[in-house]
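Peer 1: Pasted the sequence and its predicted model underneath.
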Amino acid sequence: MSRELFILRHAKSDWDSGASTDSERPLNKRGRKEAPRIGAWMREQDLMPAQVYCSTAVRARETLQAVAKELHLPAAHIHFMDELYLADLRTLLRILAEIPQEHTSAMLVGHNPGLDDLVSHLSHQAVPLTASGKLMTTACLAHFRLPDDWHALARTGELLRIIRPADLD
């Protein structure tokens, strides 16, 4: 049985919010609009992760809150993790390897550059970039089919789709 992984970068944050730290930056107006659109698209496609692992940064939490509302995702399926805040590839792979084997789908909600690195690491095919050469734009969702083991993930994933807010216009 294969596994599904959803990788979601937080929506656009507000650099002018006056937040005292980077992790306290909230979403801006555009981010508050785009996050629920991604959640609604997931609902329409019947894409429901069994477990969600989310950075504790305010912008990631607000993104997930909007997506979870659209998906009617139970709070018991959501895990907030400090180590997802600005996590590098090695940390992200460790977190994936710790997902219980009985869970056949999961979603990570986090930040770049780690998510760019993870998507590139997992995919056995070239990953489509935007016209400006970006991979995981804000509020971007990458959807993978993976092998049956959360531990064996290097270049073994099939990128099923990558959805950016601009694709939904």
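Peer 2: Received, thanks.
Peer 1: now the helices for this protein?
Peer 2: Read by DSSP state H, the chain holds these helices, from start to end of the chain: 29-44, 58-71, 89-97, 114-122.
Peer 1: can you pull out the strands in the chain?
Peer 2: For the chain, applying DSSP state E gives strands covering 3-9, 51-55, 78-81, 105-110, 141-146, 158-163.
Peer 1: Pick the most buried one from those strands.
Peer 2: For the strands of the chain, the largest average neighbour count (mean count of other Cβ atoms under 10 Å) is found in strand 105-110, namely a mean of 25. The way it works is simple: take the backbone N, C-alpha and C, and place the C-beta from them, glycine included.
Peer 1: Run through the neighbouring helices and strands of it.
Peer 2: If contacts are counted by 3 or more Cβ pairs under 8 Å, 6 or more residues apart in numbering; DSSP states H and E, strand 105-110 sits against strand 3-9, strand 51-55, helix 58-71, helix 89-97.
Peer 1: ok, and what's touching that strand?
Peer 2: 3-10, 48-55, 60, 63-64, 67, 84-87, 92, 95-96, 99, 115, 118 (Cβ atoms under 8 Å, 6 or more residues apart in numbering).
Peer 1: one step back: right, and the helices and strands packed on strand 105-110 - which one's nearest residue 147?
Peer 2: Evaluated with Cβ to Cβ, the helices and strands packed on strand 105-110 place strand 3-9 nearest to residue 147, the distance being 7.1 Å.
Peer 1: Now do that closest one against helix 58-71: the angle between them, please.
Peer 2: Following axes from the mean of the first three to the mean of the last three Cα atoms, to 10 degrees, one obtains 130 degrees for the angle between strand 3-9 and helix 58-71.
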